[in-house]
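> below is the sequence, then the predicted model.
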Amino acid sequence: MNIQNSFRAQPDARGHFGPFGGRFVSETLMPLILELEREYRTAKKDPAFAAEFDDLLRHYVGRPSPLYFAERLTARVRADAVPGKGAKIYLKRDELNHTGAHKINNTVGQILLARRMGKTRIIAETGAGQHGVATATVAARFGLPCVIYMGARDVARQSPNVFRMKLLGAEVRAVESGAKTLKDAMNDAMRDWVANVHNTFYIIGTAAGPHPYPELVRDFQSVIGREAREQMLEREGRLPDLLVAAIGGGSNAIGLFHPFLDDPEVAMLGVEAAGRGLHTDAHAASLAGGAPGVLHGNRTYLLQDGDGQIAEAHSISAGLDYPGIGPEHAWLHETGRVEYASATDDEALAAFQLLCREEGIIPALEPSHALARVVDRAREMDEDRIVLANLCGRGDKDIFTVAEALRVAL
Amino acid sequence: MTRLAAAFARARAEHRAALVAFTTAGDPTPAACGGILDALVAGGADVVELGMAFTDPMADGPAIQAANLRALGAGTTTVQILSLAAAFRARHPQVPLVLMGYANPMLRRGPDWFARAVAESGVDGVICVDLPPEEDDRLGPALRLQGVAPIRLATPTTDAARLPAVLEGAEGFLYYVSVAGITGLQQAAQGSIDEAVGRLRAATSLPVAVGFGVRTPAQAAAVGRVADGVVVGSALVELVGAHGEAAVPYVTQAVRALADALRAARQEIAA
């Protein structure tokens, strides 16, 4: 396959994924973004950088994460399917990583870049708190002071993660502007960054933001897909038929998908958060319910009104509660290479409980959205087919949210 | 000569910096905003800068964030902002009017629609905070086609190697953001402003206006001794926030104090 026909050759030199991506930041940040890009290009070619990244992922994060055949979930799906239907379901167990989610793959990579650039202070935004915890963790590991911006509403609904970040030595700043969730935390992180560019590295948590962030976050997260590809070939002697992953900004999904993009036999499904339903305005499905626009440094699909004012997103999962999506997903959506669907709060809750009971795994609410669609799709596929879902986080952080949704008093 | 060029030329002829006064469109309400704009002119502003409210004003500090919320809360729409501009142009045929805002509201209906609409409303220039030269093709060509100046920002982080890219395609005036940060908070050291203005002047024939962190007449005077223009925003917006529809006399008085300070600034040097 030549480069022109590859889905893996994006972005272009200006950071564009087709009409998406780019560098929409204030002039103060431009020189820093250009420096980051230069530094990343150098690091990417430096075997010592790759060696240190791989070593930390292995011994600190606990990679490779297992590829697990979900036998009882598969049996359960087959029980509800017509004879001969019901694909085998595999789970990529990124919830077993240190700190409980895929987020740390990226924070390890970015803090190594921060150190190369001589930056002495780390900032990050967080929604559910998983990226905040992963950032606070690597900041502690490398001995750098760390400030985490988190919407005040998320601080309230994710209190265990707030305490984790504090234990790890990070300062957590509750953001009171806007809807007090992830988008507002990102605004305040960018305000901090622009005022402290001389010494501060902004560890962005998803495959979004100004170029080169979408590219470098994808590259760091692609360890998920590379491992999964190798593990699947080892287990089954062939590639999976369908990959499924949840999408907020989309970093776990692009990490799983990217190494398979040029394998035409592998279909891919990204699952957005439909909240209370796509027919309501309480959802976080930017592709299904949004339009292209510019926010937080990149051009992508956004939930917005006719004047370009950004709408508030809603999802039971704080990690998916964002009105945008990474620009590479916007491009993969428009090219048709990846299919995008959605799952509601209720569907995610049902899938959450299903996985607890069938497999003895408490998933995070984020991948529970993916699992909801995995069950539907697997049921319609022939039983010799294979579905691989990314279990990108564990659900310990969500038990209070789930208890409230199920009206259980703890 | 464009209205912007004429305003800076007139100020220069009068041996003073031009005063660029900012308010947020639709603040405190779309109906009351026209009165605030008139107050800026009555107080002696040479250029009026009208902020387009956005839900996510990432470059702005607390004062202008709050103004954005007030304007949006009062139901301000893009069409109303254009009407405010058109009405201003009818009342003040000679006073240059510049729109400042973020890319998403400007690009929502497409760059051609926006450029035509602002040109028809009598807007002289557009400052798009999150559209660096690298992304100029998203909006710049459409503005130039309509004769609207794309006004560029230079900052303390814009080094000599990068400055030519910033100046390429810049029109109207060059806006020097004097601090690496958000609007309305810190003030830059005067020495750094003097140095930067000198450096920018050597690289462009456009007037250089300095903003971010300029609040008081004394600060404005200090900046106005070296710069071609001085931009004051948050300090005026705070008056609208504090007094709402009754802010007109406060704003007029504050602008007059700033304008007087700029007039006196270079006379002190001469004396």
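Okay, I see it.
> which stretches of chain B form strands?
Along chain B, counting by DSSP state E, strands occupy B:18-24, B:47-51, B:97-101, B:125-128, B:149-150, B:152-154, B:174-177, B:208-211, B:229-232.
> for the residue in the stretch 1-150 of chain B positioned nearest to chain A, give me its contacts.
Nearest residue of the stretch 1-150 of chain B to chain A: residue B:108, at 3.4 Å (CB to the nearest CB). Where C-beta positions appear, they are placed from N, C-alpha and C, glycine not excepted. Counting by CB atoms under 8 Å, 6 or more residues apart in numbering or on different chains, residue B:108 makes contact with A:293, A:304, A:306, A:307, A:308, B:78.
> apply 10 Å and report the result again.
Applying CB atoms under 10 Å, 6 or more residues apart in numbering or on different chains to residue B:108 gives the contacts A:291-294, A:302, A:304-309, B:78, B:114.
> please apply the same query to residue A:292.
If a contact means CB under 10 Å, 6+ apart, then residue A:292 has A:19-20, A:286, A:299-302, A:304, A:327, A:330, A:334, B:104, B:107-108 as its contacts.
> most neighbours among the residues you listed, which one?
residue A:327 (34 neighbours; other CB atoms under 10 Å in any protein chain shown).
> thought that residue was touching residue A:286?
No: if you go by CB atoms under 10 Å, residue A:327 and residue A:286 don't touch, sitting 11.0 Å apart.
> where does the nearest residue to residue A:86 once chain neighbours are set aside fall, phi/psi-wise?
Leaving aside its chain neighbours, residue A:86 sits nearest to residue A:78 (3.3 Å; criterion: CB to CB, 6 or more residues apart in numbering or on different chains). Main-chain dihedrals, residue A:78, degrees, to the nearest 10: phi -70, psi -30.
> from memory residue A:78 sits against residue A:378, does it?
Yes: counting by CB under 10 Å, residue A:78 touches residue A:378, with 8.5 Å between them.
> burial check on the closest residue to residue A:221 other than its chain neighbours, number of neighbours?
Leaving aside its chain neighbours, residue A:221 sits nearest to residue A:255 (2.7 Å; criterion: CB to CB, 6+ apart). The number of residues packed near residue A:255 is 30, by other CB under 10 Å.
> I'd say residue A:255 and residue A:207 touch.
Yes: in this structure, residue A:255 is within contact of residue A:207 by CB under 10 Å, at 7.9 Å.
> between these two, which contacts overlap?
A:106, A:217, A:218, A:219, A:220, A:221.
> now tabulate the residues you listed in a markdown table and tack on pLDDT.
What follows is the shared contacts of residue A:255 and residue A:207, written out as a markdown table (pLDDT from 0 to 100):
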| residue | pLDDT |
| --- | --- |
| A:106 | 98 |
| A:217 | 98 |
| A:218 | 98 |
| A:219 | 98 |
| A:220 | 98 |
| A:221 | 98 |
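> which one of the residues you listed is nearest chain B?
Once CB to the nearest CB is applied, the member of these that ends up nearest chain B is residue A:217, at 19.3 Å.
> what helix or strand does that closest one sit in?
Secondary structure from DSSP states H and E places residue A:217 in helix A:213-221.
> next, the angle helix A:213-221 makes with the helix or strand following that helix.
Per DSSP H and E, helix A:213-221 leads on to helix A:223-236 as the next helix or strand towards the C-terminus. Interaxial angle, helix A:223-236 versus helix A:213-221 (axes from the mean of the first three to the mean of the last three CA atoms, to 10 degrees): 40 degrees.
> tell me which other helices or strands helix A:223-236 touches.
In terms of contacts (3 or more CB pairs under 10 Å, 6 or more residues apart in numbering or on different chains; DSSP states H and E), helix A:223-236 is packed against strand A:67-69, strand A:88-92, helix A:103-116, strand A:242-247, helix A:251-257, strand A:386-390.
> tell me the mean pLDDT for it?
In this model, helix A:223-236 has an average pLDDT of 98.
> residue A:285 versus residue A:352, what's the distance?
For residue A:352, the distance to residue A:285 equals 19 Å [CB to CB, to the nearest Å].
> hmm, back to that, would you format the strands of chain B as TSV with distance to chain A and mean neighbour count included?
Below are the strands of chain B laid out as TSV (distance: least, CB to the nearest CB, whole Å; neighbours: other CB atoms under 10 Å in any protein chain shown):
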stretch	distance to chain A	mean neighbour count
strand B:18-24	14	28
strand B:47-51	14	26
strand B:97-101	10	25
strand B:125-128	9	26
strand B:149-150	13	22
strand B:152-154	4	26
strand B:174-177	7	27
strand B:208-211	13	26
strand B:229-232	15	28
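> could you save these as JSON lines and add columns showing mean pLDDT?
JSON lines is the format used below for the strands of chain B (pLDDT from 0 to 100):
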{"stretch": "strand B:18-24", "mean pLDDT": "98"}
{"stretch": "strand B:47-51", "mean pLDDT": "98"}
{"stretch": "strand B:97-101", "mean pLDDT": "98"}
{"stretch": "strand B:125-128", "mean pLDDT": "98"}
{"stretch": "strand B:149-150", "mean pLDDT": "98"}
{"stretch": "strand B:152-154", "mean pLDDT": "97"}
{"stretch": "strand B:174-177", "mean pLDDT": "97"}
{"stretch": "strand B:208-211", "mean pLDDT": "97"}
{"stretch": "strand B:229-232", "mean pLDDT": "98"}
